[in-house]
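S.K.: Take a look and give me a structure for this.
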Amino acid sequence: MTVALFSGKARRTTAALGVASAGLLLLSACDKPTPRATVTVGSDSVSSEAVCYDDGAKGIAEKAMSDCLNKKAPETLKIAVDDKVRFGVDPEVAENGWTLFVNGRQGEPEPYKKTYRTFPGSAFFGATQDGQPSPKELTISIVETGGKKLIGVWSFKLEKAS
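M.R.: Numbering: from 1, shown residues only. As a prediction, the model looks like this:
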């Protein structure tokens, strides 16, 4: 004859505690996701985590920035010249400030500190000043700044709609 060491209720409680502990252990091994950035054209919208991100004390090293800006954009949107292109970032990115880069080159001098902004499609695919035809595609990167350090890069590919 065997004697039960634990009652049924105690076994269930112990099992539940074991499952909860294992779940917490798995969650603690996960990296915190990076903030997201979103680009919207009409009813089409794409959102992505950063291709490079370091919110630590040092941020992204300047020599690593060109590699970050040249990484393949994970998301693509087609836009026409008369479309409105909307960029959005998480509030923590806006708090630090963010700047747009076009094909790896800084597109504006000062960081923007709001979560959302709109540009006409012609800003990206309109006529060029030197008479050259506009490109068929561009990589737009959102770069989060924090004072003098660079924190994150989100990249999107914009294709000119025919």
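S.K.: Quick one: mean pLDDT for the longest strand anywhere in the chain?
M.R.: Identified as the longest strand of the chain according to DSSP state E is strand 149-160. Mean per-residue pLDDT for strand 149-160: 95.
S.K.: Over to stretch 126-138?
M.R.: Across stretch 126-138, the average pLDDT comes to 80.
S.K.: what's the span of that stretch from first residue to last?
M.R.: For stretch 126-138, the first and last residues are 12 Å from each other (C-alpha to C-alpha, to the nearest Å).
S.K.: and it, which residues are buried?
M.R.: Residues Leu138 are the ones in stretch 126-138 that count as buried (16 or more other C-beta atoms under 10 Å). Placement of C-beta: from N, CA and C, glycine included.
S.K.: who touches it?
M.R.: For stretch 126-138, contacts defined as C-beta atoms under 8 Å, 6 or more residues apart in numbering pick out 81, 102-103, 120, 124-125, 157-160.
S.K.: thinking Gly152 is in contact with Tyr53, fair?
M.R.: Yes. If you go by C-beta atoms under 8 Å, Gly152 and Tyr53 touch, sitting 4.2 Å apart.
S.K.: Pull out the buried positions in stretch 147-155.
M.R.: 149-155.
S.K.: again, but for stretch 82-94
M.R.: By neighbour count with 16+ other C-beta under 10 Å, stretch 82-94 contains the buried residues 83, 85, 87-90, 93-94.
S.K.: quick one on the thing from earlier: now list whatever residues contact both of Gly152 and Tyr53.
M.R.: 34-35, 60.
S.K.: For the helix or strand hosting Thr118, which outside residues touch it?
M.R.: If you go by DSSP states H and E, Thr118 is part of strand 116-120. Here strand 116-120 makes contact (C-beta under 8 Å, 6+ apart) with 81-89, 126.
S.K.: Name the next helix or strand downstream of the helix or strand of the chain with the lowest mean pLDDT, please.
M.R.: Ranking every helix and strand in the chain by mean pLDDT, DSSP states H and E puts helix 8-28 at the bottom, with a mean of 52. Remark: after helix 8-28, the chain's next helix or strand is strand 36-41, criterion DSSP H and E.
S.K.: In PDB, list the C-alpha atoms belonging to that following strand.
M.R.: The C-alpha trace of strand 36-41 is given here as PDB (Å, rounded to 0.1, in the frame of the first residue of the first chain):
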ATOM      1  CA  ARG A  36       8.900  50.700 -33.600                       C
ATOM      2  CA  ALA A  37       8.700  53.100 -36.500                       C
ATOM      3  CA  THR A  38       5.900  53.200 -39.000                       C
ATOM      4  CA  VAL A  39       5.600  54.500 -42.600                       C
ATOM      5  CA  THR A  40       2.100  55.000 -44.000                       C
ATOM      6  CA  VAL A  41       1.000  55.800 -47.600                       C
END
